[in-house]
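Chemist: Mind looking at a prediction? Sequence and model below.
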Amino acid sequence: MPLTRRRALQAGALTLASTTLAPWTAARADRTTGISDGEILLGTHQDLSGPIVALGTFIRDGLNLAADDVNAAGGIHGRKIRLLTEDNGFDPRKAVLATQKLVEKDKVFAMIATLGSVTTQASMDIALGAGVPLLFAATPADFTYAPFHRLKFGLAVPYGEQVRAGVKYMVEQKGKKRLGILYQDDETGLQVLRATEEQLKAMNMTLAEKTSYKRGDINFSSQIARLRAANVDLVVLGTIIRETAGALQEARKIGWSVDMLGNQASMNSSVVKIGGEATEGFYATSPALPLATQEQTPALQALLKRYRDKYGKEPEDGMIFGYQAMMLFAEGARRAGPKLSVDSLVAGLEQVKNWTTVLAAVPATFGPNDRLASRSAYLLQVRGGRFVPVSAALTY
């Protein structure tokens with residue numbers, strides 16, 4: 001079967017990444033490239049122009065705000081953090097080129113919070129092959145921490161754990177019996193599909209219907225009609241921000257009030273802003289509580305004020321991940337001691353236990369053989385125009 005244009009682009013990106021990897025395989029893990037007496041140079045690529053720009057810009061903002069906070073407090077053993085950001089446009093080929101630039105030309109010490117499953121997967125071997133740590137990719141994908149690689153650390157609770165916990169809850173606690181799924185036809189959505197099927201199999205159930213869409217699509221009329229015709233009582237969504245709002249709006253437009261369940265990729269205040277009243281009742285899992293739901297402690301209020309002062313706009317939930325990722329890097333780098341290298345950073349991160357920030361999220365813990373920060377997530381629901389928690393942290 002011939003490759004679609006999308007699959008051809010992905011295949012080309014992966015090929016480009018693998019061919020670029022060869023000259024770097026001898027890179028030493030104790031490298032100190034990107035570190036000077038006064039600076040630590042980090043790199044990231046975000047969607048700043050594509051379909052999930054509403055997420056990418058806020059992750060970037062959170063990364064930079066955290067770097068400001070670390071630097072204002074004296075840096076890390078006297079070194080200030082400087083972050084270089086490239087636009088991946090949510091395109092795997094652009095992500096490959098961005099990573100090549102950051103690693104080979106700019107010579108960053110580490111890559112941090114790169115956004116997107118397909119974009120990170122296409123480009124990560126360039127960093128790892130160069131001995132550059134791949135830290136806390138902004139995607140709940142298994143490959144961010146597995147198979148084990150000493151330079152690869154995951155912060156986002158994987159799609160699989162989130163989806164399986166959410167599906168289990170909705171079947172056992174809400175009595176759902178006929179599940180359907182709408183998923184993005186790439187690695188992002190396929191992970192949601194696989195996790196849903198695995199959890200249903202564990203409960204001696206099967207999907208009543210499944211349907212997909214191409215990345216970037218905005219019309220979901222045929223998919224929603226197909227799911228409704230199958231008489232499903234829960235739609236699992238393997239969607240991101242805009243597509244989640246679109247699916248919810250389409251269902252409400254045709255008068256279908258079925259429950260829908262998303263995950264961290266769709267638990268964002270932008271979904272509510274875009275989808276409006278159609279989002280009421282929508283469920284999603286996430287390892288962090290949304291900003292509007294978090295207890296407004298003095299420390300959190302001060303953080304949000306710094307954000308508004310710096311960017312001249314209201315913060316959105318995407319900044320949580322960026323802020324956490326940079327602060328977690330800083331924690332590992334502090335534990336590494338004054339002689340920062342890749343080896344000492346790895347050792348420092350492996351010492352992190354039950355770590356949190358002023359932002360409400362499940363604690364992060366690493367170890368010598370554990371590269372995933374956490375395996376639990378909250379279940380939230382849109383009520384009164386905002387996500388609110390409806391359960392304690394779930395695991396499957």
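Modeler: Yep, it's here.
Chemist: Next, the contact list for D233, please.
Modeler: Counting by Cβ atoms under 8 Å, 6 or more residues apart in numbering, D233 touches K176, K177, R178, L179, V258, D259. C-betas here are computed from N, CA, C, even on glycine.
Chemist: Distance-wise, check it relative to M205.
Modeler: 12 Å (Cβ to Cβ, to the nearest Å).
Chemist: Could you tell me which residues touch both of the two?
Modeler: In contact with both D233 and M205: K177, L179, using Cβ under 8 Å, 6+ apart.
Chemist: hang on, the earlier thing: filter the contacts of D233 to the buried ones?
Modeler: K176, L179, V258, D259 (16 or more other Cβ atoms under 10 Å).
Chemist: so how far is N354 from G246?
Modeler: Counting by Cβ to Cβ, the gap from G246 to N354 is 38 Å.
Chemist: Buried residues, stretch 201-212. List them.
Modeler: Buried, per 16+ other Cβ under 10 Å, within stretch 201-212: M205, L207, A208, E209, K210, T211, S212.
Chemist: Start and end of that stretch, how far apart?
Modeler: By Cα to Cα, to the nearest Å, the extent of stretch 201-212 from end to end equals 20 Å.
Chemist: again with stretch 290-297
Modeler: Distance across stretch 290-297, first residue to last, is 14 Å (Cα to Cα).
Chemist: Of G246 and N354, give the one with the bigger neighbour count.
Modeler: G246 (23 against 9; other Cβ atoms under 10 Å).
Chemist: so where does that one fall, helix or strand?
Modeler: helix 241-253 (DSSP states H and E).
Chemist: tell me which helix or strand of the chain sits lowest on mean pLDDT?
Modeler: Sorted by mean pLDDT, DSSP states H and E, the helices and strands of the chain end with helix 5-21, the least confident at a mean of 41.
Chemist: buried stuff in whichever helix or strand comes after that helix?
Modeler: Once the chain leaves helix 5-21, the next helix or strand it forms, by DSSP H and E, is strand 39-46. By 16+ other Cβ under 10 Å, the buried positions in strand 39-46 come out as E39, I40, L41, L42, G43, T44, H45, Q46.
Chemist: Helix or strand next in line after strand 39-46, which one?
Modeler: Remark: after strand 39-46, the chain's next helix or strand is helix 53-72, criterion DSSP H and E.
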